[in-house]
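*Asks:* Show me the folded form of this:
(chains A and B)
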Amino acid sequence: MFRGHVRKDLSAYLDDQLSGEIKEKVEKHLADCASCREELSRLKQISEQLKAWQTPDLGDDFDSRVKHQIVLGELEKGEVKMNTKNIPSWIPSSALVVGLLLVAIVGQFYVKRGWEGKLKSATDGMEDQFEPAKYSSTLTLESSSAGRQFEPYYDEKYDKVALNDVSRKSGLAGLESVANWSRSEETRMSMPATSGASLTEQPVDSGEGSVIVVYPVLPATAQGEKVIRNAQIVLEVADGREAYKQASQICQELGGYLSSSKFYKDKEGREAGTIIMRIPKDKFSTAQEKLSTLGKVEDITTDSRDVTQEYNSLKTQLDTLKIIYDKMLEAFKKRQVTIPDAIRQESELAPIRSKMENLSNRIAQLDNSISFTTITLGFHEPKVSEKTLSESRNIIKEGMITAKINFIKFLAGAIPTAILTAVWVIIGLVVFLLVKPLISSFFKK
Amino acid sequence: MQNMTDEELMLSYQEGNMLAMDEFLRRYKNPVYHFVLRLSWNPAEAQDITQEVFLRLHQHRDEYRPIAKFSTWLFTIAHNLSVSRLRQKKWAVSWPRSNDESEELVEFESPDPSPREVAANQEVSEKLKECIQGLPFLQKEALVLREYEKLDYQEISKILHTPLSTVKNLIHRARMNLKDKLIPSLKEIRGGTDV
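*Replies:* Numbers count the residues shown, from 1 in each chain, chains lettered A, B, ... in the order given. Next comes the predicted model:
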């Protein structure tokens, strides 16, 4: 092999990739062979030339894009389970949020004490009408919490935003303070108009000292009342089609819209229908009046549902979540993002975002239900309607006329035939009379 | 973490140390990108594949066994993705022209070059790219892994799933092809002087 040239091994030799024995032999050959040395030299030149070819590095955003993709992938798989408690990097932002909340609550508490006499009488009057635990924002704070650091987090399991005392690392109860908004769909209450939030105070024995429970009760005033109104009207109308047309027109004129409608004829041929229309709340009474004129009112029912408390509660939850979300986002943005951070950010922010969307949707739904009342109009023609009678009369009348015409037509067709028949009869008689004497004389002969 | 070997880092990543990804990115994002870019010469596609390489690293982290060198494992992923992409799209054969944006991506080390040298280097780079691009894919890949990533033949053989002797031949043939095409052109460009 080494009697000839070693060109096939030169590349590997150049790269120092030959085993000891072969390398030695190549070196020996190179010492004696100028041609192979020249070839090696050229290969070195090529290699040198190639080394000069530089390519650019990736941009700075590449890392975050990769991490983002990883996080998305993990979240899609649903494998991200992060411990939300005791995250030191949250402390600055969360402490700020909690600080703000504390200032607001303590401020309200002192204001309340200043107005104690006035508010006491007001709250005394409310106690019979309002169950504070059902639909209120409850913020429980330990009275000895001064100097501690809290962090807010969203507890998906219990559907609440909670404050975690991060100054107590372990060994103690995890949650010292809880801002908890619970929702109750059954809440129905009437409240006297008040000028601002009122507070009730309730001592709770937590086993760890005095705890003050503050209920910021939102006012349900006439000015801000949130009421969903509905009406059902049943009419007997002379003409179903006409009633349908007019009802649609009334709805349009009042700035409403048809939510759904149905128009049909029953087995007896009577026209009937149902229209569900959404009318602006300030036109609710007008709409009822106008619709009632379309026929004989058989039934009219109205009902209303006060959702003020539910509405305000949802708004409060949403506002609070927004503050917490913004603060968390702000805190995240300030930090250098690593993969665990990015995953934690997404896993922490996603449920809050989702909750915010749900709240916004629910509020939008309530807004629509409040600003547009729902009127369900049912109408039908009477059992024996004037219209049906009139139609029957017309049918009989038309039948009689047709019979007369047909009789005249019959007569008109029969007269020429009768005349022709008479002519032939007369001709027959004449012929008979003329022929009769001839026949008689013939038989006499 | 910076003192850890790739393999140690990977084991730590398998155990859930997500910070290891930062270190992997720091160590390997550019080598992988350069490798793919030199094969495809399409920066967008090269970025896309590089990103996919790191996503695969994450997704298949539990499949890694420390018997293989981490860099070999990573470049194997890059190779597989590149081959797959090559089959799908058929990477462009022609090189970007001098007025293309991509032209900026190619730089040659040349301290204080004269205007003439700059022009000559430009021309050399064009010729070099043209010649490398003209190589068969496996030759090009083997050469790039050797010349730019400094991988030994054993590693290249694992990455390309080919025997060691084949790798040796691939690299040799690649250099011979380049020698045949490049050296006459370079002589021409540099006015007959030896390159």
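*Asks:* Mind checking the pLDDT average for stretch B:68-76?
*Replies:* Stretch B:68-76 carries an average pLDDT of 91.
*Asks:* Also stretch A:340-355?
*Replies:* 78.
*Asks:* Also stretch A:301-314?
*Replies:* Averaging pLDDT along stretch A:301-314 yields 85.
*Asks:* Kindly report the same for stretch B:24-37.
*Replies:* Mean predicted lDDT for stretch B:24-37 stands at 93.
*Asks:* For that stretch, buried residues please.
*Replies:* Across stretch B:24-37, burial judged by 16 or more other C-beta atoms under 10 Å in any protein chain shown covers B:24-25, B:27-37. C-beta here means a position set from N, CA and C on the backbone, and glycine is covered the same way.
*Asks:* Identify those among these that sit within strands.
*Replies:* Of those, none are assigned to strands by DSSP state E.
*Asks:* is it possible to export the residues you listed to TSV including distance to residue B:161?
*Replies:* Shown next, in TSV, are the buried residues of stretch B:24-37 (distance: C-beta to C-beta, whole Å):
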residue	distance to residue B:161
B:24	23
B:25	26
B:27	24
B:28	20
B:29	24
B:30	25
B:31	20
B:32	18
B:33	22
B:34	21
B:35	16
B:36	17
B:37	22
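*Asks:* For chain A, tell me which of those residues show up nearby.
*Replies:* Filtering these for proximity to chain A by C-beta under 8 Å from any C-beta of the partner chain leaves B:25, B:29, B:30, B:33, B:34, B:37.
*Asks:* Out of the residues you listed, list just those in helices.
*Replies:* B:25, B:29, B:30, B:33, B:34, B:37 (DSSP state H).
*Asks:* Shouldn't residue A:304 be within a helix?
*Replies:* No: per DSSP: H, G, I helix; E, B strand; the rest coil, residue A:304 lies outside any helix segment and is strand.
*Asks:* what sits against it?
*Replies:* Neighbour list for residue A:304: A:227, A:228, A:229, A:230 [criterion: C-beta atoms under 8 Å, 6 or more residues apart in numbering or on different chains].
*Asks:* nearest to residue A:38, of those?
*Replies:* Comparing the contacts of residue A:304 against residue A:38 with C-beta to C-beta places residue A:228 closest, at 95.9 Å.
*Asks:* Quick check: that closest one touching residue A:371?
*Replies:* No: contact criterion C-beta atoms under 8 Å: residue A:228 and residue A:371 do not qualify, at 9.8 Å.
*Asks:* how is the chain carved up into domains?
*Replies:* All of this refers to chain A. A:7-51, A:88-223+A:309-363, A:227-307+A:374-380, A:399-445 (automatic domain parsing).
*Asks:* that's the wrong chain, I meant chain B
*Replies:* With domains defined by automatic domain parsing, chain B comprises B:1-94, B:114-195.
*Asks:* Which strands and helices lie in contact with the biggest helix by length in chain B?
*Replies:* In chain B, with assignment by DSSP H, the single longest helix is helix B:164-189. In this structure, helix B:164-189 makes packing contacts with helix A:7-14, helix A:34-51, helix B:115-133, helix B:137-147, helix B:153-160, judged by 3 or more C-beta pairs under 8 Å, 6 or more residues apart in numbering or on different chains; DSSP states H and E.
*Asks:* So for residue A:72, which of these sits nearest?
*Replies:* The nearest among the helices and strands packed on helix B:164-189, by C-beta to C-beta, is helix B:153-160 at 28.7 Å.
*Asks:* any low-confidence regions in the chain?
*Replies:* Let's take chain A. A:1-4, A:76-224, A:333-337, A:384-387 (pLDDT under 70).
*Asks:* wrong chain, I was asking about chain B
*Replies:* Residues of chain B that meet the criterion pLDDT under 70 lie in B:89-122, B:186-187, B:189-195.
*Asks:* Find the pair from the ones next to chain A among the buried residues of stretch B:24-37 with maximum spatial separation.
*Replies:* By the measure C-beta to C-beta, B:25 and B:37 form the most distant pair in those, at 16.6 Å.
*Asks:* Residue A:426: neighbouring residues, count only.
*Replies:* Around residue A:426 sit 10 other residues, with neighbours defined as other C-beta atoms under 10 Å in any protein chain shown.
*Asks:* That one: which element?
*Replies:* helix A:386-444 (DSSP states H and E).
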